[in-house]
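A.B. asks: Fold the following, please.
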Amino acid sequence: LPFTPGNTNLERKTISFDAVHYGGIEEFYAHSLFGLLEQKATYNYLKKKTPLPFILTRANMFGTGKYAAHWFGDTTSGWTEMRYTIGELLNYNMWGIPHSGADICGFMKDTTPELCARWTQLGVFYPFSRNHNELTARDQEPWAFGDDTILKTIRLAIVFKYMILKHYYTLFIQQRGIGTIVKPLFFEFPNDKRLFAKNDFVDEQFLIGKSLMVAPVLYKGATSVNVYFPEDSWYNLLTGESYNSLPSNRQKTIPAPLGEYPLVFIRGGYIVPMQDDKVKSSDDLSNVFTLVTAFKAGESAQEKTATGNLLDLESYAPEDVQARCLDEGTNCVIPIEIKFNWNPSTKKYSLSFEANKSKIEKKLYIKKISVYGSGIKKADFSSLMSKATIKGTEINVHVECDSDNILKFNFTPDIQVHGKYVIEN
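C.D. replies: Sure thing, here's the model as predicted:
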């Protein structure tokens, strides 16, 4: 055949394209269907054994996303190859195969400690995440490098994945197999012409759903990232640091040394439920959440609103997820909304939390609400009481304001998710 991608004959490692299958179908027309039909057959069999079969495939084509997760194949351990995986991830999400990812640290050849640490910081955001390599390559488990900083970097990245794992799961359930989970920035900011030009941030940053933006370190020896912030309000997900006063090019160089958490930013107007940073495995996941809440900069101090979602689930066992979330007529998604009001003249605030689901069957709890973009200055907060009321009843709420525009509401005991709460001083 005249078409030889990569100077490789298309018939390499397969039968002749002239071969004829049952029904008179030539191999040339059927070859790409092999993987898909194997996935479908495997799925249909395993579906009899479990409601949510997990099938991992390298071969794929349109339709694979209905049946299987996909890994990108034999990626070489290299900085360029690591960067390329972001484009692959974005493409496969657009092709309807969102549960996908590359072999973290690379599959072929020897990785390096720094590359493996940075690749893990990126790879934990692949929906399908695994560290995997060939037998002839060096060991690349986190502890194999004998470097405490590398080990800490990898450990913090994995902990971060567990902290937002239920948020990821909620996105998959909410989408019900339709649309993208990880997406390019221009999906949410289609009028931003910079996102259609040839530059680094087009395929070196990405969004998780609508609310989170990831900016990984992708170059050898780099200890910072030049991050592009599309026109909106942005905050560091873990610290609340604001990136709303930017130069005209909307770029800012942000430190990202080894030994720290990955750089992830929350978009104003959204709530991201997170788990405790002590989570080390899926067995540690609980139904107690911190709600990281980001408001849009410039909103009236009298009216700030953010929205998000929780799942009405206690168990994430396949049988429970299928019965409560995926069967026809079911809906386990709980839309949540937080509103905040602040009157600088009276030094009074109110925060309302509402779960917009008529019947919440499972017991979910909130231990903390972190508010970014509150509009309150630390100096104004010093005279406020660290007490609050819920439905007229005073409860133990310790309110902190360690930095301008950041508030933390810590509940003792945790408050249960149902109906509407109003917290005010």
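
A.B. asks: So what does residue 170 have for phi and psi?
C.D. replies: phi -60, psi -40 (degrees, to the nearest 10).

A.B. asks: so it sits right up against residue 312, yeah?
C.D. replies: No. In terms of Cβ atoms under 8 Å, residue 170 does not count as a neighbour of residue 312; the distance is 10.6 Å. In short, each C-beta sits where N, CA and C put it, glycine included.

A.B. asks: which one of the two has more residues nearby?
C.D. replies: residue 170 (23 against 19; other Cβ atoms under 10 Å).

A.B. asks: Where do the helices of the chain begin and end?
C.D. replies: 27-30, 33-46, 79-94, 113-123, 148-163, 165-175, 185-188, 200-204, 318-321, 378-381 (DSSP state H).

A.B. asks: Figure out how far the first one is from the centre of its chain.
C.D. replies: Read it as helix 27-30. 38 Å (Cα atoms, centre = their mean, to the nearest Å).

A.B. asks: Run through the neighbouring helices and strands of that helix.
C.D. replies: When contacts are defined as 3 or more Cβ pairs under 8 Å, 6 or more residues apart in numbering; DSSP states H and E, helix 27-30 packs onto no helix or strand at all.

A.B. asks: which residues touch that helix?
C.D. replies: Outside helix 27-30, the residues that touch it by Cβ atoms under 8 Å, 6 or more residues apart in numbering are 14, 15, 16, 17, 18, 19, 20, 21.

A.B. asks: Taking these together, which two end up most distant?
C.D. replies: Farthest pair in the contacts of helix 27-30 (Cβ to Cβ) is 14 and 20. Separation: 14.4 Å.

A.B. asks: quick one on the thing from earlier: so of the helices of the chain, which one's packed in deepest?
C.D. replies: helix 113-123 (a mean of 25; mean count of other Cβ atoms under 10 Å).

A.B. asks: just to revisit the earlier point, compile the helices of the chain into TSV and extend it with columns for mean pLDDT.
C.D. replies: Formatted as TSV, the helices of the chain follow (pLDDT from 0 to 100):
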stretch	mean pLDDT
helix 27-30	88
helix 33-46	96
helix 79-94	96
helix 113-123	98
helix 148-163	97
helix 165-175	94
helix 185-188	96
helix 200-204	85
helix 318-321	92
helix 378-381	81
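
A.B. asks: Could you dump the ones you listed into JSON lines and include distance to residue 406?
C.D. replies: As requested, those are arranged in JSON lines below (distance: least, Cβ to Cβ, whole Å):
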{"stretch": "helix 27-30", "distance to residue 406": "59"}
{"stretch": "helix 33-46", "distance to residue 406": "46"}
{"stretch": "helix 79-94", "distance to residue 406": "30"}
{"stretch": "helix 113-123", "distance to residue 406": "24"}
{"stretch": "helix 148-163", "distance to residue 406": "18"}
{"stretch": "helix 165-175", "distance to residue 406": "20"}
{"stretch": "helix 185-188", "distance to residue 406": "24"}
{"stretch": "helix 200-204", "distance to residue 406": "26"}
{"stretch": "helix 318-321", "distance to residue 406": "35"}
{"stretch": "helix 378-381", "distance to residue 406": "9"}
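
A.B. asks: looking at those, which is closest to residue 238?
C.D. replies: From these, taking Cβ to Cβ, the stretch that ends up closest is helix 148-163, at 8.4 Å.

A.B. asks: Next, the angle helix 165-175 makes with the closest one.
C.D. replies: Here helix 148-163 points in a direction 40 degrees away from that of helix 165-175 (axes from the mean of the first three to the mean of the last three Cα atoms, to 10 degrees).

A.B. asks: Quick one: low-confidence residue ranges for the stretch 301-425 of the chain.
C.D. replies: 301-302, 382-394 (pLDDT under 70).

A.B. asks: Which residue, other than its chain neighbours, is closest to residue 77?
C.D. replies: Once flanking residues are discounted, residue 77 sits nearest to residue 106: 2.8 Å by Cβ to Cβ, 6 or more residues apart in numbering.

A.B. asks: check contacts around that neighbour.
C.D. replies: 75, 76, 77, 78, 81, 82, 115, 119, 133, 137.

A.B. asks: Would you check which pair of those residues lies furthest apart?
C.D. replies: 82 and 137 (15.0 Å).

A.B. asks: picking up where we left off before, residue 288 is nearest to which of the helices of the chain?
C.D. replies: The nearest among those, by Cβ to Cβ, is helix 165-175 at 10.8 Å.

A.B. asks: Can you read off the backbone torsions of the residue nearest to residue 77?
C.D. replies: Residue torsions, per degrees, to the nearest 10, at residue 106 are phi 90, psi 150.

A.B. asks: ok, it to residue 210 distance?
C.D. replies: 31 Å (Cβ to Cβ, to the nearest Å).

A.B. asks: go on, residue 113?
C.D. replies: Residue 113 sits 35 Å away from residue 210, going by Cβ to Cβ.

A.B. asks: what does residue 11 give?
C.D. replies: As for residue 11, its distance to residue 210 is 44 Å (criterion: Cβ to Cβ).

A.B. asks: Residue 272 too?
C.D. replies: 11 Å.

A.B. asks: more crowded one of the two?
C.D. replies: residue 272 (26 against 15).

A.B. asks: Spatially nearest residue to residue 86, not counting backbone neighbours?
C.D. replies: residue 203 is the one closest to residue 86 (Cβ to Cβ, 6+ apart), at 5.4 Å.

A.B. asks: check contacts around that neighbour.
C.D. replies: Listed by Cβ under 8 Å, 6+ apart, the contact set of residue 203 reads 83, 86, 87, 90, 184.
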